[in-house]
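>>> need the 3D shape of this:
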Amino acid sequence: MANIPTPAQLAYFAAHPHDNLVPDIIACCSVCGIASVVFILLRLWARHLIHGRVVVNMSDWLLIIAFIFFAVFDICFALTTKYGSGRHIIYITDARMLQILNLVDENTYCYAMAFIKLSILKVYGDIFPSKKFHHCLWAMAIFMGAWAITFSASAIFQCTPIEYNWDLTIPGGFCINYGANVMAAGILNILTDFIILVMPIPLVLKLHTSTQKKLQIIFAFALGSSACIISFIRLGYGSKVGSTADGSWDNIPAGLASVAELMIGILAASIPTYRPIYRRFMNGSAMAQTQAGYNSDRQNYGNDSSLNKSTLRRVQIFSQHDGEPREKGDGIHITNQVEMSVYDSKEEEWDQKRRRQSDEERLT
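I've put the predicted structure just below:
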């Protein structure tokens with residue numbers, strides 16, 4: 001429950017009418033909101049580069065849901081400035097609306113964070129087919145769902161009745177120690193960040209791909225640790241939530257950290273899907289990439305050490321009645337001529353190459 005300001009504190013608030021964090025709130029919400037939109041659009045563009053059209057899978061939908069919760073959180077946090085947020089408590093213009101928006105923010109934060117992590121877990125599941133690993137993913141997903149529901153409910157019912165959040169004159173009203181609730185939620189959030197970060201590393205090391213690509217994958221996953229840093233910062237500010245006498249001012253740093261944390265979370269969930277964009281820019285253009293891949297495949301199949309240089313048999317099949325292929329002239333030709341070549345292979349090397357190709361396709 002929030003403390004009641006002392007006479008000395010009230011005097012301090014009155015002596016500092018120009019203290020104002022409203023520009024900081026608006027700037028943070030604007031920048032993080034726009035950046036999150038860009039991250040989502042880049043993710044959809046990456047899907048388009050793979051499939052030639054925007055194909056949205058389950059991990060994308062989970063992140064889109066997270067973005068919707070984040071957008072509500074972001075907008076409501078910015079709207080709190082209209083009712084006194086970002087200024088000292090004596091300058092609040094509508095305590096009821098301010099607290100309602102705060103309750104919306106506390107709830108949408110929980111669900112946005114949960115869906116971000118569910119999206120990351122789904123990406124892991126798409127990459128790694130191990131059944132044991134999938135059981136771990138399901139366990140973590142269930143835990144995140146329980147985390148979101150538990151702390152969302154505690155935010156709604158932090159005061160009984162709910163109206164006691166903004167009307168302390170209600171007889172018999174009381175509030176829980178919401179600051180301890182925020183600290184518990186923050187600690188569990190950081191713990192799940194760390195677990196999700198390290199979960200795929202043992203499986204990445206077992207992939208049939210080059211060491212360089214393994215390191216690139218681990219680095220992409222490790223970028224999610226940047227959200228852990230913001231979570232630690234938010235945890236430090238969260239200790240004041242629910243216990244300060246000047247919540248409209250003292251709780252703002254925690255709110256700003258929450259906006260940044262969710263924005264970084266959306267980025268962290270999207271980075272593993274950006275590989276097609278990275279390859280496009282590294283190869284100059286999609287056309288150059290396609291042509292290079294085609295030429296590389298021809299060279300590999302023609303010169304691969306796993307194939308014998310000698311062709312065992314070559315068969316030509318013609319659809320013409322005379323059994324001879326027609327001589328090609330100028331223009332466009334339609335032919336039913338088929339040439340089939342059968343090669344001898346070294347089974348072990350060929351199987352190893354096939355597994356490597358399969359792993360790389362799943363990573364793409």
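>>> other SSEs contacting the one helix or strand residue 280 maps to?
Under the criterion of DSSP states H and E, residue 280 resides in helix 275-282. Counting contacts by 3 or more CB pairs under 8 Å, 6 or more residues apart in numbering; DSSP states H and E, helix 275-282 is packed against helix 22-51, helix 286-303. C-beta here means a position set from N, CA and C on the backbone, and glycine is covered the same way.
>>> where among those helices is average confidence lowest?
Ranked by mean pLDDT, those end with helix 286-303 at the bottom, a mean of 51.
>>> ramachandran angles for the closest residue to residue 44 other than its chain neighbours?
Leaving aside its chain neighbours, residue 44 sits nearest to residue 54 (5.2 Å; criterion: CB to CB, 6 or more residues apart in numbering). Main-chain dihedrals, residue 54, degrees, to the nearest 10: phi -80, psi 110.
>>> also residue 159?
With angles defined as degrees, to the nearest 10, residue 159 sits at phi -130, psi 140.
>>> what sits against it?
Each residue near residue 159 by CB atoms under 8 Å, 6 or more residues apart in numbering is listed here: 1, 165, 173-176.
>>> out of these, who's the most crowded?
The most crowded member of the contacts of residue 159, judged by other CB atoms under 10 Å, is residue 165 (24 neighbours).
>>> who's in contact with residue 165?
Residues near residue 165 by CB under 8 Å, 6+ apart: 99, 102-103, 158-159, 175.
>>> which of the residues you listed fall within strands?
Counted as lying in strands by DSSP state E, out of the contacts of residue 165, are 159, 175.
>>> how about TSV for the contacts of residue 165, with pLDDT and distance to residue 45 added?
Output for the contacts of residue 165, formatted as TSV (pLDDT from 0 to 100; distance: CB to CB, whole Å):
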residue	pLDDT	distance to residue 45
99	93	40
102	94	36
103	94	36
158	90	41
159	90	45
175	86	46
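>>> for stretch 74-91, measure first residue to last.
The straight-line separation of the ends of stretch 74-91 (CA to CA, to the nearest Å) is 22 Å.
>>> just the buried positions in it, please.
Counting neighbours by 16 or more other CB atoms under 10 Å, one finds that the buried residues in stretch 74-91 are 74, 76-81, 83-89, 91.
>>> what mean pLDDT does it have?
Mean pLDDT, stretch 74-91: 95.
>>> same question for stretch 243-256.
88.
>>> who touches that stretch?
Residues from elsewhere that reach stretch 243-256, judged by CB under 8 Å, 6+ apart: 1-6, 9, 13, 19, 21, 24-25, 28, 77, 84-89, 91-92, 98, 105, 177, 179, 182, 234, 237-238, 240-241.
>>> over to stretch 82-102?
Residues contacting stretch 82-102 (CB under 8 Å, 6+ apart): 5, 10, 13-14, 16-17, 19-22, 24-25, 76-77, 79-80, 165-167, 245-249, 252, 255.
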